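> this one's structure only:
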């Protein structure tokens, strides 16, 4: 993405985000306000319904008491109680119940014995009252009651004669949601019995209500529209019945949302247009001078040197950008000087480390330098990049730095090493890594220092890595190190001649040493010994190595628990 585009987006983007965020927050605030208003309205509606119901129940209780004092009904109850199996007695009570039902305008009447067992009852079906099947009906004393597909709201009153209880009179009316001034549903055990919500079948309403808690507020989605559900808490129903009122939040908020959308559209378009113009002007005043600076900086990719900028007022009109280029020029000069000084100190430090290590033992004097020279020759023969050759050179100089941590009595011992002394010697790659890993800029040499004693067949140390799991630089140094060690005198043996050392390297190629590096090294040091077959083997090894990705110079793969 172009710098000018990014500058424009950074100038315009925050304004647009802030504006849309503000609009979104306002819209959400309006929705919350509407929902709170709907909740309040529904609660008031419920309180009104509860008040009307309470007054109605008081009035109905008076009618019930009057019906319970009916002398004819009491006489019939006494007769039925005396002769419970007499059909004539039951028919007399049913006739009296029909008369009371027509007078009170109720939908069914039922009388029960003092122990609550139904004895006789009539129910309105159409315009007629028919007797009830006492074996199939057992209504409660109050609340709601379901018979067939009808739901009845019932109440009961005792029938007493003097101090004696003759039974109970139960009165019921069909319950209709049409009397409520808000959409509502009647549920029993989670199943919808009746609904006054227009446009939605009862199964769809029941599925939408399945996720709502019992007797609690709930927001649900019905037919893609959000509804607020409130229980009729002021109207206890009992027997597992629930009466809940619904109100569409979207329908209530839709008119206000339309007004808000129109206001937001007009305001937003005007604000966006102004923000675009302002962002374009600001981005142009910043991008042009910075683009010139960036173009000059890209030229440094070829040379690697920081450029000098012309920071006069005729070249750069923006004062801040001019100050930036002047500061950059000063910083660039300081960086170049510091880099030159650091490079010199760095080279001297590397040389000092190698000399300090070799100076501990007259037998190993110059060992690190020779191993470095051999390793560089191999790396160049393999066609590695100059930067990689330099990494191999310094890694070879430092490959035995860990021997600083090994006692002279072990390093210079003329006799055979014990098992403990040999284990101590094997720690010098790990010690070397510990010494160098805390030095900034030395991380690229750590694999060479730590892994130059790993063998091609996995029998080396410290990790027993195998094949190309060992970085190429460490494999190169391994060959050079072994050759110089064999051709140098040590306290415990004399130096080998060159031919014997080369023969041992060749014999161990593919087991201890990389089989592709040994012939390259042999070809570099003994051209007079090369036969046509040896030349062909050397060329094949060079082609194989040159095809390797030089990235394997990087960090090795370590076994679990290895030193980091």
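Sure thing, it's come through. Keep in mind that what you see is a predicted model, and the values were worked out from it rather than measured. Numbers count the residues shown, from 1 in each chain.

> backbone phi and psi for residue 440, please?
With angles defined as degrees, to the nearest 10, residue 440 sits at phi -60, psi 130.

> how many other residues sit next to it?
Residue 440 has 5 neighbouring residues, counting by other Cβ atoms under 10 Å. C-beta here means a position set from N, CA and C on the backbone, and glycine is covered the same way.

> Would you map the strands across the chain?
With strands called from DSSP state E, the chain shows them at 108-112, 118-125, 128-131, 143-147, 150-161, 164-174, 184-188, 191-195, 218-222, 225-231, 241-248.

> Quick check: which ranges of the stretch 351-500 of the chain have low pLDDT?
For the stretch 351-500 of the chain, the stretches flagged by pLDDT under 70 are 351, 353-354, 357-364.

> for the strands of the chain, which one ends up most surrounded?
Of those, the one with the most neighbours on average (mean count of other Cβ atoms under 10 Å) is strand 108-112, at a mean of 25.

> got a list of contacts for that strand?
With Cβ atoms under 8 Å, 6 or more residues apart in numbering as the test, strand 108-112 has contacts from 67, 73, 77, 80, 93, 97, 100-101, 118-124, 132, 137, 139, 152, 159, 167-172.

> got it, and stretch 88-97?
Contacts for stretch 88-97 (Cβ under 8 Å, 6+ apart): 70, 72-73, 76-77, 79-80, 82-83, 109-111, 119-122, 129, 131.

> That one: how far from the chain's middle?
From the chain centre to the centre of stretch 88-97 is a distance of 75 Å (Cα atoms, centre = their mean, to the nearest Å).

> Pull up the gap between the nearest residue to residue 101 once chain neighbours are set aside and residue 211, please.
In space, and not counting its chain neighbours, residue 101 is closest to residue 109: 5.1 Å by Cβ to Cβ, 6 or more residues apart in numbering. Distance from residue 109 to residue 211, counting by Cβ to Cβ, to the nearest Å: 41 Å.

> Show the backbone phi and psi for residue 383.
Main-chain dihedrals, residue 383, degrees, to the nearest 10: phi 80, psi 20.

> What segments of the stretch 451-564 of the chain are helices?
For the stretch 451-564 of the chain, applying DSSP state H, counting those that start in this stretch gives helices covering 472-486, 498-507, 517-525, 532-546.

> Buried ones in the first one, by neighbour count?
Applying a neighbour-count criterion of 16 or more other Cβ atoms under 10 Å, the buried positions in helix 472-486 are 472-484, 486.

> what helices or strands is that helix leaning on?
On a contact count with 3 or more Cβ pairs under 8 Å, 6 or more residues apart in numbering; DSSP states H and E, helix 472-486 meets helix 367-381, helix 386-397, helix 446-451, helix 498-507, helix 517-525.

> now it and helix 517-525, what's the angle there?
Counting by axes from the mean of the first three to the mean of the last three Cα atoms, to 10 degrees, helix 472-486 points 60 degrees away from the direction of helix 517-525.

> roughly how far is helix 472-486 from the heart of the chain?
On Cα atoms, centre = their mean, the centre of helix 472-486 falls 49 Å from that of its chain.

> Surely residue 502 and residue 522 touch.
Yes. Contact criterion Cβ atoms under 8 Å: residue 502 and residue 522 qualify, at 5.3 Å.

> More neighbours: the two, which one.
Between residue 502 and residue 522, residue 522 has the larger neighbour count (other Cβ under 10 Å), namely 23 against 20.

> can you count the residues close to residue 189?
10.

> returning to what we had before: just name the most buried of the helices and strands packed on helix 472-486.
Of these, the one with the most neighbours on average (mean count of other Cβ under 10 Å) is helix 446-451, at a mean of 27.

> residues touching residue 514, list them.
By Cβ under 8 Å, 6+ apart, residue 514 lies in contact with 456, 475-476, 478-479.

> farthest-separated two in those residues?
Pairwise distances across those peak at 12.5 Å for 456 and 476 (criterion: Cβ to Cβ).

> coming back round to it: could I get the buried residues of helix 472-486 as a markdown table with distance to residue 427?
Formatted as a markdown table, these follow (distance: Cβ to Cβ, whole Å):
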| residue | distance to residue 427 |
| --- | --- |
| 472 | 24 |
| 473 | 21 |
| 474 | 17 |
| 475 | 21 |
| 476 | 23 |
| 477 | 18 |
| 478 | 17 |
| 479 | 22 |
| 480 | 22 |
| 481 | 17 |
| 482 | 19 |
| 483 | 23 |
| 484 | 21 |
| 486 | 22 |
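
> residue boundaries of the helices in the stretch 201-350 of the chain?
202-209, 249-298, 300-303, 319-358.

> that older thread, which one of the contacts of residue 514 is nearest to residue 29?
Distance to residue 29, by Cβ to Cβ, is smallest for residue 475 among the contacts of residue 514, at 69.8 Å.

> which residue packs closest to that closest one, ignoring adjacent ones?
That would be residue 514: by Cβ to Cβ, 6+ apart, it lies 4.4 Å from residue 475.

> Next one, pLDDT for that neighbour please.
Looking at residue 514, its pLDDT stands at 95.

> Repeat that for residue 551.
With respect to pLDDT, residue 551 scores 31.

> Could you do the one 5 residues further on as well?
Looking at residue 556, its pLDDT is 34.

> Can you verify my assumption that residue 78 contacts residue 167?
No. Contact criterion Cβ under 8 Å: residue 78 and residue 167 do not qualify, at 9.8 Å.

> Just give the number of residues close to residue 516.
Neighbour count of residue 516, defined by other Cβ under 10 Å: 22.

> between the helices of the stretch 201-350 of the chain, which gets the lowest average pLDDT?
The minimum mean pLDDT among the helices of the stretch 201-350 of the chain belongs to helix 300-303 (a mean of 61).

> how close does residue 16 get to residue 91?
Distance, residue 16 to residue 91, using Cβ to Cβ: 85 Å.

> centre of the chain versus stretch 493-505, how much separation?
Relative to its parent chain, stretch 493-505 has a centroid offset of 62 Å by Cα atoms, centre = their mean.

> Contact partners for the nearest residue to residue 470 once chain neighbours are set aside?
Take residue 470 and drop its neighbours on the chain: the residue closest to it by Cβ to Cβ, 6+ apart is residue 454, 4.5 Å away. Residue 454 is in contact with 460-461, 463-466, 470, 474, 478, counting by Cβ under 8 Å, 6+ apart.
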